[in-house]
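Trainee: Dropping a prediction and its sequence here:
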2 protein chains.
Amino acid sequence: MDFVLHTYWRSSAAWRVRTALALKGLAWESAPHNLRTNEQTAPGYLACNPQGLVPALEVDGAVLTQSLAIIAYLDERFPEPPLLPDDPLERARVRAFALAVACDIHPVQNLKVLRMLRARGLDQAAVDGWAREVIEGGLAACARLIEDRTGPYCFGAAVTLADIVLVPQMANARRFGARTDWPRLEAIEAAALAHPAFALSRPEAQPDADPA
Amino acid sequence: MDFVLHTYWRSSAAWRVRTALALKGLAWESAPHNLRTNEQTAPGYLACNPQGLVPALEVDGAVLTQSLAIIAYLDERFPEPPLLPDDPLERARVRAFALAVACDIHPVQNLKVLRMLRARGLDQAAVDGWAREVIEGGLAACARLIEDRTGPYCFGAAVTLADIVLVPQMANARRFGARTDWPRLEAIEAAALAHPAFALSRPEAQPDADPA
């Protein structure tokens, strides 16, 4: 199968998909879109993804959108290694952790929302404060969701969807100067970043990276 | 199995789970929490759901959170009727539609975010305008995601997760006076509300409803 990933080096959601592809050992071609210059809203890309968001994954020409839907597809088509536990209650808990980040943190502090805040007259300090409030409240809840679990990863010895989603959110927290000092979350992040799939998928390792 | 649903009549996310339970023919006991008076942040409830959000579903005493994770659990444990198609690409598209609402519309216009905006000095008209902008942009993208599909539901003849998530979002749009006049979306909403599972699950049909 041929995979083309519409991506942006700094996008948390694209990072999630890059990690899943790496975990599954799947090679992909990169189609980068610079979110800073709004390339994702160009008509050609909107024809591919009407939401004007990255990531999108082309699978033999068919376009899939939404990082968690793409990852679920990859996990169904390429079951090894599994990204969810076998037990139904445990699967629900891993998914809930991932959704606690993907619904309740990331979309409320992403570039689109921060631009909307600036358009309402908030200055940069107020906008950054908004991002920190959302991230810190969200990460505090995430830490509690796994407080009775042991590591090295969110839900034990195996990487799951929860780790795939947490690691980019921790990086986002650092960008905004938000608290990250929940010991379990920082230990999970360190363990994950030592894993080759996460290391390969890091923003700084992408061909379109532009840290300047 | 015993199900206790922590709910609020007007919560879109709780409505999703109520619909899934009804579609699966599962009976449940209601544990309502009034979001207007912040009952969901009481210590007793936070011990149950550290995110302080509804819904949460107790399954024989085990607590599950996040509406889409709960629905995925119900669909795995009670496969009939299925809430996702069989084909992997189609499953991914239904999930992507649901996530386009559940990640990119609802969390950016929910009560928590609107309260944060008011705390930043936006007046009620500006806050309502924010909600409308988020909802209208999101629904426009949703309409395009299914523009090549036929009804009566989002993805054809069978109710899927996409319908479960769309219907409460359409109701939210009406509350804020946002546009809803995408003909396909309105036709899907009408078809769904004529289905007994959606009718049973409507906010106005809940014991804790307080439309005053």
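Mentor: Cool, the structure landed. Just so it is clear, the model here is predicted, and its values are computed rather than measured.

Trainee: Can you tell me what sits against the longest helix anywhere in chain A?
Mentor: Ranked by residue count under DSSP state H, the longest helix found in chain A is helix A:124-145. By CB atoms under 8 Å, 6 or more residues apart in numbering or on different chains, the residues outside helix A:124-145 that reach it are A:93, A:96-97, A:100-101, A:104-105, A:108-109, A:114, A:117-118, A:122, A:166, A:169-170, A:172-173, A:176-180, A:182, A:184-185, B:50-52, B:65, B:116, B:120. No exception for glycine: its C-beta is placed from N, CA and C like everyone else's.

Trainee: got the angle between the following helix or strand past it and helix A:124-145?
Mentor: Once helix A:124-145 ends, the next helix or strand along the chain (criterion: DSSP states H and E) is helix A:161-175. Here the directions of helix A:161-175 and helix A:124-145 differ by 150 degrees (axes from the mean of the first three to the mean of the last three CA atoms, to 10 degrees).

Trainee: Any idea how far the helix or strand just after helix A:161-175 is from the middle of the chain?
Mentor: Remark: after helix A:161-175, the chain's next helix or strand is helix A:183-193, criterion DSSP H and E. Helix A:183-193 sits 15 Å away from the centroid of its parent chain (CA atoms, centre = their mean, to the nearest Å).

Trainee: Now helix A:183-193: average pLDDT?
Mentor: Averaged across helix A:183-193, pLDDT comes to 98.

Trainee: From the contact counts, what lies against it?
Mentor: Contacts defined by 3 or more CB pairs under 8 Å, 6 or more residues apart in numbering or on different chains; DSSP states H and E place helix A:183-193 against helix A:124-145, helix A:161-175.

Trainee: circling back: next, the buried residues of the longest helix of chain A.
Mentor: Across helix A:124-145, burial judged by 16 or more other CB atoms under 10 Å in any protein chain shown covers A:127-139, A:141-145.

Trainee: Weed out the non-buried ones from the contacts of helix A:124-145.
Mentor: Among these, the ones that count as buried by 16+ other CB under 10 Å are A:93, A:96-97, A:100-101, A:104-105, A:108-109, A:114, A:117, A:122, A:166, A:169-170, A:172-173, A:176, A:178, A:180, A:182, A:184-185, B:50-52, B:65, B:116, B:120.

Trainee: which residues are contacting the lowest-mean-pLDDT helix or strand in chain A?
Mentor: Of all the helices and strands that make up chain A, the one with the lowest confidence by mean pLDDT, DSSP states H and E is helix A:43-48; it has a mean of 88. Residues from elsewhere that reach helix A:43-48 (CB under 8 Å, 6+ apart): A:6, A:33, A:39, A:52, A:56, A:58, A:63.

Trainee: List the beta-bridge partners for the last one.
Mentor: Beta-bridge partners for residue A:63, by DSSP bridges, are residue A:58.

Trainee: Wait, it touches residue A:57, no?
Mentor: Yes. With contact defined as CB atoms under 8 Å, residue A:63 counts as touching residue A:57 (7.4 Å).

Trainee: the more surrounded of the two?
Mentor: A count of neighbours by other CB atoms under 10 Å in any protein chain shown puts residue A:57 above the other of residue A:63 and residue A:57, at 28 against 17.

Trainee: how much space between the residue lying farthest from the centre of chain A and residue B:130?
Mentor: Distance from the centre of chain A peaks at residue A:121, with 28.6 Å (CA atoms, centre = their mean). Per CB to CB, to the nearest Å, residue A:121 is found 12 Å from residue B:130.

Trainee: Does residue A:75 touch residue A:84 like I think?
Mentor: Yes. At 6.7 Å, residue A:75 counts as touching residue A:84 under the criterion of CB under 8 Å.

Trainee: Give the intersection of the neighbour lists for those two.
Mentor: Common neighbours of residue A:75 and residue A:84, counting by CB under 8 Å, 6+ apart, are residue A:161.

Trainee: between the two, who's got more neighbours?
Mentor: Neighbours were tallied for residue A:75 and for residue A:84 using other CB under 10 Å; the higher tally belongs to residue A:84 (22 against 19).
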